[in-house]
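Participant: pasting a predicted model and its sequence here:
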Amino acid sequence: MPHDADDRRALFQRVVDDIVDQIRTGKLAPGDVLPTARRMADTYSVASMTAQRALRELQHRGLTYAVVGKGTFVHPQAPERIGTDAAGRPIAATTQTPVISDNPALNRRLALYLLERDRISGRIVDAFMNKDTAAAWQATEELATLQQTHTDLTDDLAAYEANLGRAASSGAPEPAEPPAPKKPRRNPKA
């Protein structure tokens, strides 16, 4: 792949962008194996270290996963994570995580919870892929703890949705302010 002198992106980023584009267009499907770093270096005319950095970046973004001795594979959720379906068509905004536009505090709490939940879920998957039962168990416990500590978020979301439902059925405009968030519960064991 010849390098464009006007392209200001780092070489590894060009490789990453090309692979992301292949996932987006469906040339690479979930479960497909990526070339080795050496083969990728030859294909993109970059150094082996640059290709390795591109592979690490793809894995860091959650678009690929590596299995020791087997290779690097496109993650099953890679198309959704870059905003396309399995056929490479853009996913409609309505199918993605909803944004609570009239309550930024609740929206932020939900986003932070979902990010942490996904991070822990990724650790569970990695542990199972590595057949590390202890790490899988620990991450599962961490996920359960996260869910228990965010029951107030679940309650606030339910109240918010109930208020939206009441507003829609009464013909009134949507509420500008859902109920105020509850104070955090104290853990008596702490």
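Facilitator: Looks like it came in fine.
Participant: all helices of this protein, in order?
Facilitator: With DSSP state H as the criterion, the chain has helices at 11-25, 37-44, 48-60, 78-81, 104-129, 133-149, 151-170.
Participant: could you give the mean pLDDT of the last one?
Facilitator: On average, the pLDDT along helix 151-170 is 74.
Participant: cool, the fifth one as well?
Facilitator: When the per-residue pLDDT values of helix 104-129 are averaged, the result is 82.
Participant: quick check: buried residues in that helix?
Facilitator: By neighbour count on 16 or more other C-beta atoms under 10 Å, the buried set for helix 104-129 is 106, 109-110, 113, 120, 123-125, 127. In short, each C-beta sits where N, CA and C put it, glycine included.
Participant: about what we covered before: ok, which of the helices of the chain comes nearest V68?
Facilitator: helix 104-129 (9.3 Å; C-beta to C-beta).
Participant: what helices or strands is the closest one leaning on?
Facilitator: Counting contacts by 3 or more C-beta pairs under 8 Å, 6 or more residues apart in numbering; DSSP states H and E, helix 104-129 is packed against strand 64-67, helix 133-149, helix 151-170.
Participant: re the thing from before, ok, which of the helices of the chain comes nearest V67?
Facilitator: Set against V67 and scored by C-beta to C-beta, the helices of the chain come closest in helix 104-129, at 6.3 Å.
Participant: if we can go back for a sec, export the helices of the chain to JSON lines and tack on distance to T72?
Facilitator: Listed next are these as JSON lines, based on distance: least, C-beta to C-beta, whole Å:
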{"stretch": "helix 11-25", "distance to T72": "10"}
{"stretch": "helix 37-44", "distance to T72": "9"}
{"stretch": "helix 48-60", "distance to T72": "6"}
{"stretch": "helix 78-81", "distance to T72": "12"}
{"stretch": "helix 104-129", "distance to T72": "12"}
{"stretch": "helix 133-149", "distance to T72": "20"}
{"stretch": "helix 151-170", "distance to T72": "35"}
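Participant: indicate which one of those helices is closest to G31.
Facilitator: Judged by C-beta to C-beta, the one of the helices of the chain that comes nearest to G31 is helix 78-81, at 9.7 Å.
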